[in-house]
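**Student:** A predicted structure for the sequence below; I have some questions about it.
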Amino acid sequence: MEHTGDADVASAAALLAEPARAKVLMALADGRALPASLLATEAGVAPQTISSHLRKLLDGGLLQVEQSGRHRYYRLAGPEVAAAVEAVARISKPQPVKSLRQSTRAAALREARTCYDHLAGRLGVDLLEALVRRNALVRTDGGSGAERRPDDPLAQQLPDCPYALGPAATDIFGALGIDLTDTTSTRRLLRCCVDWSEQKHHLAGRLGAAVTNSLLARAWLERRPYPRAVTLTTTGEQHLSQLLPLS
């Protein structure tokens, strides 16, 4: 019988503690796979240096790599890694802003970003609150909107999700092209996270990913130049104002 000890938190924390590696993980936290050259630019290090950092993250189980032609693409090992990065971000002090570009990027991430494969930031929270207002989702704990419960852990995916499909779920999600009866995936339909920048819930799980993918596919949401940052397009604002008014 194999015996296992406590989780090696120190090793994982050491991987996150190096600034260049932390930037790599933040850049990949939207669920995409990126080449080493782009990750080197994001981390601000030379290609030779990024190779060493990527190897350590692979050996530590935080990254996966896939070959495509002559290039190797790196991605997070899973949504639990993205959740860990978000949790650390919540307890971290903001870095000093030394340029307008840094300020713009920080503001963009607070406004709307992807957390692995679902929408986070103010827009993610507003979207969840709109789904509750329209009865596409209902709170099962007596809470209001997307408000965090007092005992919720900060900035991580919650073990229990205090939401359920509401009476308008089929119509609202159907209008986004989402089939709620699709059972091809074993991933839980409804999950939620505590958003590190808003300290409220945002939608995660299979449904959160499906909503985000639908918004991107319809060009209602588009990616910004900054890694993970997204923005609601004019077309998106127009359509959501009818389907899911955000305020």
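**Tutor:** Received, thanks.
**Student:** so what pLDDT did Thr104 get?
**Tutor:** With respect to pLDDT, Thr104 has a value of 63.
**Student:** and stretch 13-24, what's buried?
**Tutor:** By neighbour count on 16 or more other CB atoms under 10 Å, the buried set for stretch 13-24 is 15-16, 20-24. From N, CA and C alone the C-beta is placed, and that goes for glycine too.
**Student:** identify the farthest-apart pair in the residues you listed.
**Tutor:** Across the buried residues of stretch 13-24, the longest distance by CB to CB is 12.5 Å; it joins Leu15 and Lys23.
**Student:** just the helices in this structure please.
**Tutor:** Taking DSSP state H as the criterion, the chain contains helices spanning 9-17, 19-27, 36-43, 47-59, 79-91, 100-111, 121-133, 169-175, 205-217, 234-243.
**Student:** nearest to Thr186, out of these?
**Tutor:** Here helix 205-217 is closest among the helices of the chain (CB to CB), at 9.2 Å.
**Student:** same question for the closest one, mean pLDDT?
**Tutor:** 96.
**Student:** of the helices of the chain, which shows the lowest average pLDDT?
**Tutor:** Taking the average pLDDT of each of the helices of the chain, the minimum falls on helix 100-111, with a mean of 64.
**Student:** can you pull up the most central residue in the chain?
**Tutor:** Cys115 (0.6 Å; CA atoms, centre = their mean).
**Student:** buried deepest among the helices of the chain, which one?
**Tutor:** Looking across these with neighbours counted as mean count of other CB atoms under 10 Å, the highest average goes to helix 121-133: a mean of 23.
**Student:** residues contacting that helix, please?
**Tutor:** Helix 121-133 is contacted by residues 109-113, 115, 118-119, 137-139, 145-146, 163, 166, 172, 192, 195, 197-198, 200-203, 211, 230, 232, 240, 244-247 when judged by CB atoms under 8 Å, 6 or more residues apart in numbering.
**Student:** export it as PDB, just CAs?
**Tutor:** Provided in PDB are the C-alpha atoms of helix 121-133 (Å, rounded to 0.1, in the frame of the first residue of the first chain):
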ATOM      1  CA  GLY A 121     -13.600  40.900 -13.300                       C
ATOM      2  CA  ARG A 122     -16.400  43.400 -13.000                       C
ATOM      3  CA  LEU A 123     -18.000  42.200 -16.200                       C
ATOM      4  CA  GLY A 124     -18.100  38.600 -15.000                       C
ATOM      5  CA  VAL A 125     -19.700  39.700 -11.800                       C
ATOM      6  CA  ASP A 126     -22.200  41.900 -13.600                       C
ATOM      7  CA  LEU A 127     -23.100  39.100 -15.900                       C
ATOM      8  CA  LEU A 128     -23.800  36.700 -13.000                       C
ATOM      9  CA  GLU A 129     -26.000  39.300 -11.300                       C
ATOM     10  CA  ALA A 130     -27.900  39.800 -14.600                       C
ATOM     11  CA  LEU A 131     -28.500  36.100 -14.900                       C
ATOM     12  CA  VAL A 132     -30.000  36.100 -11.400                       C
ATOM     13  CA  ARG A 133     -32.200  39.100 -12.100                       C
END
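**Student:** ok now it, how far from the chain's centre?
**Tutor:** When distances are taken as CA atoms, centre = their mean, to the nearest Å, helix 121-133 is centred 14 Å away from the chain's centroid.
**Student:** and what of stretch 45-52?
**Tutor:** On the basis of CA atoms, centre = their mean, stretch 45-52 is displaced by 26 Å from the centre of the chain it belongs to.
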